[in-house]
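Next comes the sequence, and after it the predicted model I'd like to discuss.
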Amino acid sequence: MLHFFCFSKKTILHLLEKYRIMKICRFVILLFMLTQINNLFAQEYEFTYDDAGNRTSRKIIILKSATTVNSQDSISSNSNNNKGKLNPKEFLTDKLGKNNIKIYPNPTQGQLKLVLNNNDVYENSSIELYSLAGKILYRNNNISTINNIDLSDKPQGAYILRLIINNKKLEWKIIKELKF
């Protein structure tokens, strides 16, 4: 029979001091505990309620983070200098079916671009932008290989961008920041 024990941080520290375990060992255990506590609060949930106030569903929102791309994928508005050049960290790259997807810049100051590498006809497809509260702010059912999304009228903050192609969905966290 297996027994699992759950100790508080105070109890663990007391036990470590009592048995005079090295300071480094205490530090490693404390660091591990703190990182696990942080992971608990890093998840985002969406709840729906009926008219009587009863919770009807809970949805865990899983967000993808940016992946780096090599420098040959960088885009420059002026080839003679680096003005307007995007840093690799400003790209989101992903794959949905046979489509390679690029979303940039992220964070954005207003204009967001979603590029698909295929020249297919995108029937039953859409691009949607949601607030973190789940309210739909933008929908485009007529998508093409290059799609521009205007966030200039939206306040700064975080948004969820959803791409649906042939009933397959991908979502990303998009950050809108102030223009300087």
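Sure thing, it's come through. Numbers count the residues shown, from 1 in each chain.

Glu46: neighbour count?
Neighbourhood size, Glu46 [other CB atoms under 10 Å]: 14. Heads up, the C-betas are built off the backbone N, CA and C, glycines and all.

does it belong to a helix or a strand, and which?
Under the criterion of DSSP states H and E, Glu46 resides in strand 44-49.

Same question for Val28.
Going by DSSP H and E, Val28 is part of helix 23-41.

same question for that helix, mean pLDDT?
In this model, helix 23-41 carries a mean pLDDT of 61.

And the helices in the chain?
In the chain, the helices defined using DSSP state H lie at 9-18, 23-41.

Unless I'm misreading it, Ile136 sits right up against Tyr159, doesn't it?
No. If you go by CB atoms under 8 Å, Ile136 and Tyr159 don't touch, sitting 10.7 Å apart.

what do those two both touch?
With contacts taken as CB atoms under 8 Å, 6 or more residues apart in numbering, Ile136 and Tyr159 have Leu129, Tyr130 as neighbours in common.

and the two? which has more neighbours close in?
Tyr159 (21 against 11).

which non-adjacent residue is nearest Glu171?
Arg162 (4.9 Å; CB to CB, 6 or more residues apart in numbering).

go on, Pro105?
Here the residue nearest Pro105, using CB to CB, 6+ apart, is Glu90, at 4.0 Å.

ditto for Leu92
Ile103 (4.1 Å).
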